[in-house]
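Asker: Next come a sequence and a model predicted from it.
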2 protein chains.
Amino acid sequence: MASEHVKGFIIDLDGTVYTGQQDIDGAIHGLRKLQQHGIPFLFLSNRGNYSRAMCKDKLAAMGIEVAAEQIVLSSTVTARYLRDHYPQDAIWTLGDPGLSEELRSHGLIIADKPEQAKWLVITLHESLTYEDLNKAFRAVRAGAQIIATNEDRMFPTEAGDCIDVAGMIGAIVYSTGVEVTKVMGKPLQIMADTALSILGLPAAECMVVGDSLASDVLLGKLHGMSTALVLTGSATRDDVERSEVRPDLVVESLAALIDQHLSYKR
Amino acid sequence: MASEHVKGFIIDLDGTVYTGQQDIDGAIHGLRKLQQHGIPFLFLSNRGNYSRAMCKDKLAAMGIEVAAEQIVLSSTVTARYLRDHYPQDAIWTLGDPGLSEELRSHGLIIADKPEQAKWLVITLHESLTYEDLNKAFRAVRAGAQIIATNEDRMFPTEAGDCIDVAGMIGAIVYSTGVEVTKVMGKPLQIMADTALSILGLPAAECMVVGDSLASDVLLGKLHGMSTALVLTGSATRDDVERSEVRPDLVVESLAALIDQHLSYKR
């Protein structure tokens, strides 16, 4: 099986297009080739502490211009969910500023005080303080429901493995005794549905590309898309052998996948 | 029932002797009267982010000199446990500096790097950063077992309710997927046993005095001591009515209890 039938790509960001502030060899060049061939794609990421605007700027600095609508982060999906179901509800956040920026860009209201919020949105908070935790705690104690952009446990960095959103969720759930009402993030259906509706293609014509078996490949498997695992991020060929989640394709990189795909088109 | 038969007191600190940096009216004066009458007492607190030395200094500043041995904090009990069972094991801490000071004062070794630790000790960390969380996370990922000084969820302050140790525990348990090996803190037996062995009295001759039904009064009920609830902290008379944990005495304050006790002695 290869990618001949694929009409559009849903592409992960961290570990697939870039690592930290560094673009992955050939990825940007490959994406520009997709643009030149008019092949639709969008980015789908579990990052909840960034806004689309921040992400668009980061990609532009690496050499590719995309529309904000081509970027779907877990913060974006959370914002769309709240806008569609609870547009009047004031929100408190526990997370980096990119999250509240994304919520505001969807017309949502950030509460002046934690006690006024109907929802606490939790995402990764790399500049976390005890006072940030206390404010989030008070929002929930005053009745706010908890929604999390995703529940990833960790992510690798050059300095070592780092705590992801699960750490922030655990701090609030354990101290309040209140469980999370809703979780977003790959591989959940709401992420697939949002990506497909923006891309405007049926699942069967899309391929999910990413470096994670548990989020990217599983998302495709669960929701009827074909899947390609890239080896530029967290997973290795050994991981694939050991995993019950088997991608349709395993490729060295996003650049290699795009080259291979375009060669079928010729 | 009153306190005539009581030979010694086990007395809580926060909400009973002081609130924050302020001593509670008459408490210090009452404690000095116990000293003058040669009635044995010790302090037993769920505080894990203080050392006995810090606590001794705080009490001295309020006007009472006690021996460090008369102060038993959850950090103290954790340190004694590790010293008695795992004296060679290097330790990492997630908590304010008072915890590592208390561990060191028991001859225990703080690891140079999180990955070298056999134990992660968790307590309240009011100056917490994301990097502190990551180091604790890495200790557990490298194999350290988790021990918590206590698992209280919250404590009241003038600025509002604040997250207690449970928040720090939740952050690490959720992100690592590793459960806590051992928890200290009232009302657990190890706290009662430690206090009684230091005080050198049988449980039946001791009274636990504190402001918490769930930790102080329950400790006494579970371990054969009589109990007095003071109303200078978190609990009210209404709380007592609603609770299944009923203290033997409910008194306005520690000072009132001591006056009443000494009046029987005359």
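Answerer: Okay, I see it.
Asker: which residues of the stretch 101-250 of chain A fall in helices?
Answerer: Counting by DSSP state H, counting those that start in this stretch, the stretch 101-250 of chain A has helices at residues A:130-141, A:165-176, A:189-199, A:218-222, A:237-242.
Asker: which one of these lies closest to chain B?
Answerer: Each of these has some distance to chain B by Cβ to the nearest Cβ; the shortest is helix A:165-176, at 2.7 Å. For glycine as for every other residue, the C-beta is placed from the backbone atoms N, C-alpha and C.
Asker: tell me what the closest one is packed against?
Answerer: strand A:119-122, helix A:130-141, strand A:145-148, helix B:165-176 (3 or more Cβ pairs under 8 Å, 6 or more residues apart in numbering or on different chains; DSSP states H and E).
Asker: How far off centre is it?
Answerer: Here helix A:165-176 is found 20 Å from its chain centre; the criterion is Cα atoms, centre = their mean, to the nearest Å.
Asker: Buried residues, it. List them.
Answerer: A:Val165, A:Ala166, A:Gly167, A:Met168, A:Ile169, A:Gly170, A:Ala171, A:Ile172, A:Val173, A:Tyr174, A:Ser175, A:Thr176 (16 or more other Cβ atoms under 10 Å in any protein chain shown).
Asker: Dump that helix to PDB, restricted to CA.
Answerer: What follows is helix A:165-176 as a C-alpha-only set of coordinates in PDB (Å, rounded to 0.1, in the frame of the first residue of the first chain):
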ATOM      1  CA  VAL A 165      -0.600  18.400  30.000                       C
ATOM      2  CA  ALA A 166      -1.300  15.300  32.200                       C
ATOM      3  CA  GLY A 167       0.800  16.900  35.000                       C
ATOM      4  CA  MET A 168      -1.300  20.000  35.100                       C
ATOM      5  CA  ILE A 169      -4.500  17.900  34.900                       C
ATOM      6  CA  GLY A 170      -3.300  15.800  37.800                       C
ATOM      7  CA  ALA A 171      -2.500  18.800  40.000                       C
ATOM      8  CA  ILE A 172      -6.100  20.100  39.700                       C
ATOM      9  CA  VAL A 173      -7.900  16.800  39.800                       C
ATOM     10  CA  TYR A 174      -6.100  15.500  42.900                       C
ATOM     11  CA  SER A 175      -6.500  18.800  44.800                       C
ATOM     12  CA  THR A 176     -10.100  19.400  43.900                       C
END
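Asker: So which residues on the stretch 51-200 of chain A come close to chain B?
Answerer: Residues of the stretch 51-200 of chain A lying close to chain B (Cβ under 8 Å from any Cβ of the partner chain) are A:125-130, A:133-134, A:137-138, A:141, A:153-154, A:160-164, A:166-177.
Asker: re the thing from before, want to throw the helices and strands packed on helix A:165-176 into TSV with distance to B:Pro187 and mean pLDDT?
Answerer: Shown next, in TSV, are the helices and strands packed on helix A:165-176 (distance: least, Cβ to Cβ, whole Å; pLDDT from 0 to 100):
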stretch	distance to B:Pro187	mean pLDDT
strand A:119-122	31	98
helix A:130-141	23	98
strand A:145-148	29	98
helix B:165-176	15	98
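Asker: Who are the contact partners of the closest residue in space to A:Gln70 that isn't next to it in sequence?
Answerer: Distances taken as Cβ to Cβ, 6 or more residues apart in numbering or on different chains place A:Leu42 nearest to A:Gln70, at 4.6 Å, with adjacent residues excluded. Contact analysis of A:Leu42 by Cβ atoms under 8 Å, 6 or more residues apart in numbering or on different chains lists A:Gly8, A:Phe9, A:Ile10, A:Ile11, A:Glu69, A:Gln70, A:Ile71, A:Val72, A:Ala195, A:Ile198, A:Leu199.
Asker: Can you find the helix or strand in chain A with the smallest mean pLDDT?
Answerer: Least confident helix or strand, chain A: strand A:154-157 with a mean of 86, by mean pLDDT, DSSP states H and E.
Asker: I'd like to know which elements that strand is packed against.
Answerer: On a contact count with 3+ Cβ pairs under 8 Å, 6+ apart, strand A:154-157 meets strand A:160-163.
Asker: The helix or strand harbouring A:Ala255 - contacts with which helices or strands?
Answerer: Using DSSP states H and E, A:Ala255 sits in helix A:254-265. Judged by 3+ Cβ pairs under 8 Å, 6+ apart, the packing partners of helix A:254-265 are helix A:27-36, strand A:226-230, strand A:249-251.
Asker: Let me know the angle separating it from strand A:226-230.
Answerer: Angle, helix A:254-265 to strand A:226-230, by axes from the mean of the first three to the mean of the last three Cα atoms, to 10 degrees: 140 degrees.
Asker: Helix A:254-265 relative to helix A:27-36, how many degrees between them?
Answerer: Using the same axes, to 10 degrees: helix A:254-265 against helix A:27-36 is 30 degrees.
Asker: Check what contacts helix A:254-265 and list those residues.
Answerer: Contacts for helix A:254-265 (Cβ under 8 Å, 6+ apart): A:2-4, A:6, A:11, A:16-17, A:24-27, A:29-31, A:33-34, A:37, A:39, A:209, A:228, A:230, A:232, A:249, A:251.
Asker: now swap in stretch A:93-111 and tell me
Answerer: By Cβ under 8 Å, 6+ apart, the list of residues contacting stretch A:93-111 reads A:48-54, A:73, A:75-76, A:78-80, A:82-83, A:87-92, A:117, A:120-128, A:132-133, A:135-136, A:139, A:149, A:168, A:172.
Asker: Can you go through those and name the buried ones?
Answerer: Neighbour counting by 16+ other Cβ under 10 Å classes A:48-52, A:54, A:73, A:75-76, A:78-80, A:82, A:89-92, A:117, A:120-125, A:128, A:132-133, A:135-136, A:139, A:149, A:168, A:172 among the contacts of stretch A:93-111 as buried.
Asker: what would the helices and strands packed on helix A:165-176 look like in JSON lines with distance to A:Ile190?
Answerer: Shown next, in JSON lines, are these (distance: least, Cβ to Cβ, whole Å):
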{"stretch": "strand A:119-122", "distance to A:Ile190": "14"}
{"stretch": "helix A:130-141", "distance to A:Ile190": "22"}
{"stretch": "strand A:145-148", "distance to A:Ile190": "11"}
{"stretch": "helix B:165-176", "distance to A:Ile190": "21"}
